[in-house]
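# the sequence isn't on hand, but the structure is:
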(Lines give C-alpha, C1' and ligand atoms only; values in the text may rest on other atoms or scores of the structure.)
Protein backbone atom coordinates (compact mmCIF):
# COMPACT_ATOMS: atom_id res chain seq x y z
CA UNK A 1 0.00 0.00 0.00
CA UNK A 2 1.16 3.51 -0.84
CA UNK A 3 0.69 6.58 1.34
CA UNK A 4 -0.17 10.07 0.19
CA UNK A 5 0.04 13.26 2.22
CA UNK A 6 -0.14 16.96 1.56
CA UNK A 7 2.51 19.17 3.11
CA UNK A 8 1.98 22.91 3.49
CA UNK A 9 5.03 24.97 2.44
CA UNK A 10 5.71 28.69 1.98
CA UNK A 11 5.32 28.19 -1.77
CA UNK A 12 2.12 26.13 -1.76
CA UNK A 13 1.12 22.58 -1.04
CA UNK A 14 3.65 19.83 -1.70
CA UNK A 15 1.99 16.55 -2.64
CA UNK A 16 3.80 13.38 -1.51
CA UNK A 17 3.41 9.70 -2.45
CA UNK A 18 5.47 7.07 -0.66
CA UNK A 19 5.96 3.36 -0.34
CA UNK A 20 6.48 3.18 3.43
CA UNK A 21 9.53 5.40 4.06
CA UNK A 22 10.64 5.61 0.39
CA UNK A 23 9.39 8.64 -1.50
CA UNK A 24 8.10 7.76 -4.97
CA UNK A 25 6.73 11.13 -6.04
CA UNK A 26 6.43 14.70 -4.85
CA UNK A 27 5.48 17.95 -6.51
CA UNK A 28 3.53 21.17 -6.25
CA UNK A 29 0.60 20.32 -8.61
CA UNK A 30 -1.69 17.48 -7.47
CA UNK A 31 -1.86 13.80 -6.57
CA UNK A 32 -3.52 13.17 -9.94
CA UNK A 33 -0.52 14.69 -11.73
CA UNK A 34 1.96 12.60 -9.73
CA UNK A 35 0.06 9.32 -10.10
CA UNK A 36 -0.28 9.87 -13.87
CA UNK A 37 3.51 10.21 -14.16
CA UNK A 38 4.48 7.36 -11.81
CA UNK A 39 5.49 3.86 -12.82
CA UNK A 40 2.25 2.08 -13.76
CA UNK A 41 2.87 -0.80 -11.35
CA UNK A 42 3.07 1.66 -8.44
CA UNK A 43 0.26 3.90 -9.70
CA UNK A 44 -2.15 0.93 -9.67
CA UNK A 45 -1.48 0.12 -6.02
CA UNK A 46 -3.92 1.04 -3.28
CA UNK A 47 -3.25 4.53 -1.87
CA UNK A 48 -4.09 5.59 1.67
CA UNK A 49 -4.31 9.27 2.60
CA UNK A 50 -2.44 10.12 5.79
CA UNK A 51 -1.79 13.36 7.66
CA UNK A 52 2.00 12.83 7.69
CA UNK A 53 4.41 10.28 6.28
CA UNK A 54 6.84 9.24 9.04
CA UNK A 55 10.39 10.53 8.56
CA UNK A 56 9.65 12.09 5.15
CA UNK A 57 7.20 14.75 6.41
CA UNK A 58 9.52 15.63 9.31
CA UNK A 59 12.54 16.07 7.02
CA UNK A 60 10.53 18.25 4.62
CA UNK A 61 9.38 20.41 7.56
CA UNK A 62 12.99 20.70 8.70
CA UNK A 63 14.07 21.83 5.21
CA UNK A 64 11.46 24.58 4.98
CA UNK A 65 12.29 25.62 8.58
CA UNK A 66 15.92 26.22 7.56
CA UNK A 67 17.76 22.87 7.84
CA UNK A 68 18.78 22.96 4.19
CA UNK A 69 20.48 19.55 4.27
CA UNK A 70 17.38 17.72 5.56
CA UNK A 71 16.14 16.60 2.12
CA UNK A 72 19.28 14.50 1.70
CA UNK A 73 17.97 12.15 4.40
CA UNK A 74 14.93 11.12 2.34
CA UNK A 75 15.13 7.81 0.48
CA UNK A 76 13.73 7.98 -3.06
CA UNK A 77 12.83 5.66 -5.94
CA UNK A 78 11.53 6.49 -9.41
CA UNK A 79 11.47 4.48 -12.59
CA UNK A 80 13.32 5.64 -15.66
CA UNK A 81 16.03 4.83 -18.18
CA UNK A 82 19.56 4.06 -16.97
CA UNK A 83 20.93 7.49 -17.93
CA UNK A 84 18.01 9.24 -16.19
CA UNK A 85 18.84 7.26 -13.04
CA UNK A 86 22.44 8.50 -13.26
CA UNK A 87 21.25 12.09 -13.76
CA UNK A 88 18.94 11.89 -10.72
CA UNK A 89 21.75 10.43 -8.60
CA UNK A 90 24.08 13.21 -9.73
CA UNK A 91 21.40 15.85 -9.00
CA UNK A 92 21.23 14.73 -5.39
CA UNK A 93 24.96 15.53 -5.14
CA UNK A 94 24.53 19.20 -6.10
CA UNK A 95 25.48 21.00 -2.89
CA UNK A 96 22.86 23.15 -1.19
CA UNK A 97 23.45 26.77 -2.15
CA UNK A 98 25.04 25.84 -5.49
CA UNK A 99 23.77 25.35 -9.02
CA UNK A 100 25.07 23.23 -11.88
CA UNK A 101 24.52 23.78 -15.58
CA UNK A 102 22.87 21.09 -17.70
CA UNK A 103 26.34 20.51 -19.14
CA UNK A 104 27.82 19.99 -15.63
CA UNK A 105 24.99 17.60 -14.85
CA UNK A 106 25.52 15.53 -18.03
CA UNK A 107 29.24 15.36 -17.26
CA UNK A 108 28.70 14.26 -13.65
CA UNK A 109 26.16 11.66 -14.79
CA UNK A 110 28.89 10.10 -16.95
CA UNK A 111 27.97 11.34 -20.44
CA UNK A 112 29.38 14.83 -21.10
CA UNK A 113 27.81 14.99 -24.58
CA UNK A 114 24.32 14.08 -23.38
CA UNK A 115 23.29 17.60 -22.34
CA UNK A 116 19.82 17.36 -23.92
CA UNK A 117 19.21 13.96 -22.31
CA UNK A 118 20.21 15.45 -18.95
CA UNK A 119 17.63 18.20 -19.54
CA UNK A 120 15.01 15.61 -20.39
CA UNK A 121 15.79 13.70 -17.18
CA UNK A 122 15.34 16.96 -15.24
CA UNK A 123 11.95 17.48 -16.87
CA UNK A 124 10.89 13.91 -16.03
CA UNK A 125 12.07 14.10 -12.40
CA UNK A 126 9.11 12.98 -10.30
CA UNK A 127 10.52 13.82 -6.88
CA UNK A 128 10.87 17.62 -6.72
CA UNK A 129 12.32 19.33 -4.75
CA UNK A 130 13.90 16.33 -2.97
CA UNK A 131 15.73 15.34 -6.16
CA UNK A 132 16.76 18.96 -6.69
CA UNK A 133 16.21 19.69 -10.36
CA UNK A 134 15.66 23.32 -9.27
CA UNK A 135 19.46 23.53 -8.77
CA UNK A 136 20.10 22.98 -12.51
CA UNK A 137 20.40 26.16 -14.60
CA UNK A 138 21.44 27.17 -18.11
CA UNK A 139 25.15 27.50 -18.92
CA UNK A 140 25.03 31.31 -18.84
CA UNK A 141 23.47 31.24 -15.38
CA UNK A 142 19.87 31.94 -16.47
CA UNK A 143 17.40 29.95 -14.39
CA UNK A 144 15.94 28.02 -17.32
CA UNK A 145 12.65 26.21 -16.99
CA UNK A 146 10.97 24.54 -14.02
CA UNK A 147 7.92 22.32 -14.18
CA UNK A 148 6.29 24.07 -11.23
CA UNK A 149 6.97 27.62 -12.44
CA UNK A 150 9.98 29.90 -12.31
CA UNK A 151 8.73 31.66 -9.17
CA UNK A 152 8.90 28.33 -7.28
CA UNK A 153 12.41 27.61 -8.63
CA UNK A 154 13.55 31.11 -7.70
CA UNK A 155 12.08 30.80 -4.17
CA UNK A 156 13.83 27.46 -3.59
CA UNK A 157 17.18 28.80 -4.81
CA UNK A 158 16.83 31.91 -2.64
CA UNK A 159 15.85 29.75 0.37
CA UNK A 160 19.04 27.73 -0.18
CA UNK A 161 21.22 30.82 -0.69
CA UNK A 162 22.11 30.01 -4.30
CA UNK A 163 20.81 33.35 -5.61
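Sure thing, it's come through. As the structure is a prediction and not an experimental result, all values here were calculated from the model.
# looks like residue 92 contacts residue 132 (just checking).
Yes. Judged on CB atoms under 8 Å, residue 92 makes contact with residue 132 at a distance of 7.0 Å. (Each C-beta comes from the backbone N, C-alpha and C, glycine too.)
# when those two are compared, which one has more neighbours?
Applying other CB atoms under 10 Å to residue 92 and residue 132 shows that residue 132 carries more neighbours, namely 25 against 15.
# right, and that one touches residue 91 too?
Yes. Assessed by CB under 8 Å, residue 132 is found in contact with residue 91 at 5.7 Å.
# the helix or strand encompassing residue 4: how far from the chain's middle?
Using DSSP states H and E, residue 4 maps to strand 2-9. The chain centroid and the centroid of strand 2-9 are separated by 14 Å under CA atoms, centre = their mean, to the nearest Å.
# and the nearest residue to residue 151 once chain neighbours are set aside, how far is that from residue 90?
Nearest non-adjacent residue to residue 151, counting by CB to CB, 6 or more residues apart in numbering: residue 11, 7.8 Å away. When distance is defined by CB to CB, to the nearest Å, residue 11 is 25 Å away from residue 90.
# and for residue 55?
Distance check for residue 55 against residue 90: by CB to CB, it reads 24 Å.
# neighbour count: those two, which is higher?
Taking other CB under 10 Å, residue 55 and residue 90 do not tie; residue 90 has more neighbours (20 against 16).
# list the contacts of the more buried one.
105, 108-109 (CB atoms under 8 Å, 6 or more residues apart in numbering).
# against residue 152, how distant is the residue nearest the centre of the chain?
Centroid-nearest residue in the chain, with CA atoms, centre = their mean: residue 128, separated by 2.1 Å. Residue 128 sits 9 Å away from residue 152, going by CB to CB.
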